[in-house]
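Engineer: Next comes the sequence, and after it the predicted model I'd like to discuss.
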Amino acid sequence: MRKILKQYGLLIWLSLVLIAGFVFTNLAGFMVSRDAIHQSLSEQTLPITSDNVYSEIQKDILRPVFVSSQMAHDTFLRDWIINGEQEPEQIVRYLKEIKTKNNAISSFMVSNLTHQYYHASGVLKSVSPTEARDQWFYRVAAMKPAYETNVDVDMANRDSMTIFINYKILDYSGKFIGATGIGMTLDTMKRLIDSYQTRFHRNIYFVDQKGTIVLAGSNIKKSRSSLQSTPGISDIATQILANKKSDSLHLEYKLDNDHILVNSRFIPELGWHLLVEQELNGDLKPLQDIAFINIAISAAITLIVLILLVLSVKRYQARIEKSAATDQLTSLLNRQAFDFVFQQALLDSERSRQPLCVALVDIDFFKKVNDKHGHLVGDHVLKEIALIAKRSLRESDIICRWGGEEFLILLKNCTLEKATSISENLRSTIAANDFSRTTDLAKGRLSITVSMGVAQYKDNESEDSVFERADVALYQAKENGRNSVYFSE
């Protein structure tokens, strides 16, 4: 167990960090998404639903307003009132035609001259200022606007709740002579509410200014009667009813374990408050499930990756160790590996009292080769020189890629004189070689020469010192025409 921890401890810690990171990331993402959903529902989705319902209501109200306006400005209607309201069947037929043509629930006209209430089926009654149900007519007569929208019971239709458009009729001199208009049933808005509740899974309902629920879908109407008597929303009922502006009001309340968002707005045309509700927990449940699934998947993937990493480490460990000590281009030892070999050679030399020499090799004008023939040819030259060196040197000698176009040779049990001779043999072999045979050059001979500096290790000399003396000898060879071997005593 200790061996495993020592060998794969880093991978294990990395996996634990990754798993913790995945868990933290997913939880943080869940919290951010939860807040984003909360904000989106509260400030965008619910207000949009409220706006759509409000727009549909306005659309259903504007058409009756337009029809009522045409009725109030119809010269037939005004002339009929001004001329004494003779032949009532004419106005009854007119109102019936208006009702049928516009698919209205009711059409009416009340004269300010005779106070007769006419509708599509005949004369309903005479209005009176002392009758509570007739107060709307005298309110219309006294108001400044041309019309009003009023929600009231329709006496001509079994007292069903109806939205009336009460439009003032003026004579040609601007004097009030009556009121006319049409009514529409609330069933249209009920169907609209049910469709929105089905599509968006939200509760939509209307309350009057006292908090009584006056219009709602079937599920709401059965379980609630007023805001004040409904658990949860009763806590914010005062805030809802205090809002008399058409601007949206964003609220929320808790019912049992559910968090419910509420959007409220006042509709002045009806004198009602429109409320749109949505449970937040229902929208968060899929998000919670996804977060837990993501955490489980992330942990599983991390474990799989850990297993694959362990197998890969065991499979490629030898190859990695080899590549760490080898120059990829020439397959020679690299500089880091040579340092270790050189230290071992020094110990052996001191113990056996045998001489030890080093030789630095530098390719002459190698930059020109790259510039003229390209780097691929330059790479071929480096590989070819490495092969020539391996063939020319003794089996005990070690050569490495020192860097760029430089090589370093370690000559064991070799005097300075012998090392210089071996180096001279290598130099002449390289100079005599035609490098075009091993390159992509189509024509011409490619000759390469090298300059070399040789130095013998002295007792108690540092590693840097012997390399420095070999480098000085190499510099002399280059300064004196290149393609030569110099040594340092």
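Structural biologist: That came in fine, so what should we check first? Numbers count the residues shown, from 1 in each chain.

Engineer: Pairing partners for the closest residue to residue 124 other than its chain neighbours in the sheet, please.
Structural biologist: Counting by C-beta to C-beta, 6 or more residues apart in numbering, residue 117 is the residue found nearest to residue 124 once chain neighbours are left out, at 4.4 Å. For every residue, glycine as well, the C-beta is placed using N, CA and C. On the basis of DSSP bridges, residue 117 is bridged to residue 110, residue 125.

Engineer: mind listing the helices for the stretch 201-350 of the chain?
Structural biologist: Counting by DSSP state H, counting those that start in this stretch, the stretch 201-350 of the chain has helices at residues 218-223, 237-242, 280-325, 335-352.

Engineer: Can you list the buried residues in the helix or strand harbouring residue 94?
Structural biologist: Assessed by DSSP states H and E, residue 94 sits inside helix 88-101. Of all the residues in helix 88-101, those buried under the rule 16 or more other C-beta atoms under 10 Å are 91, 92, 94, 95, 98, 99.

Engineer: Give me the residues contacting that helix.
Structural biologist: 67, 71, 76-77, 80, 85, 104, 106-109, 116, 118-123, 182 (C-beta atoms under 8 Å, 6 or more residues apart in numbering).

Engineer: Just the buried subset of those residues, please.
Structural biologist: For the contacts of helix 88-101, buried by 16+ other C-beta under 10 Å: 67, 71, 77, 80, 85, 104, 106-109, 116, 118-120, 182.

Engineer: Just the residues you listed: which are in helices?
Structural biologist: 67, 71, 77, 80 (DSSP state H).

Engineer: just to revisit the earlier point, quickly check the buried residues of helix 88-101 for the two that are furthest apart.
Structural biologist: 91 and 99 (12.5 Å; C-beta to C-beta).

Engineer: ranges for the strands of the stretch 101-250 of the chain?
Structural biologist: Using DSSP state E, counting those that start in this stretch, the strands of the stretch 101-250 of the chain run over residues 106-111, 116-119, 122-126, 147-154, 160-170, 176-185, 203-207, 213-216, 249-255.

Engineer: Run the chain-centre distance for the third one.
Structural biologist: On the basis of C-alpha atoms, centre = their mean, to the nearest Å, strand 122-126 sits 66 Å off its chain's mean C-alpha point.

Engineer: same thing with the second one?
Structural biologist: With C-alpha atoms, centre = their mean as the basis, the distance from the averaged C-alpha position of strand 116-119 to the chain average is 64 Å.

Engineer: Not counting that strand itself, show me its contacts.
Structural biologist: Contacts to strand 116-119, defined as C-beta under 8 Å, 6+ apart, come from residues 85, 88, 91-92, 95, 106-111, 123-127, 156.

Engineer: And for residue 242, the neighbour number?
Structural biologist: Residue 242 has 9 neighbours, counted by other C-beta atoms under 10 Å.

Engineer: And for residue 343?
Structural biologist: Neighbours of residue 343 (other C-beta under 10 Å): 11.

Engineer: do you know how far it is from residue 333?
Structural biologist: Counting by C-beta to C-beta, to the nearest Å, the gap from residue 343 to residue 333 is 13 Å.

Engineer: cool, and residue 483?
Structural biologist: Counting by C-beta to C-beta, the gap from residue 483 to residue 333 is 26 Å.
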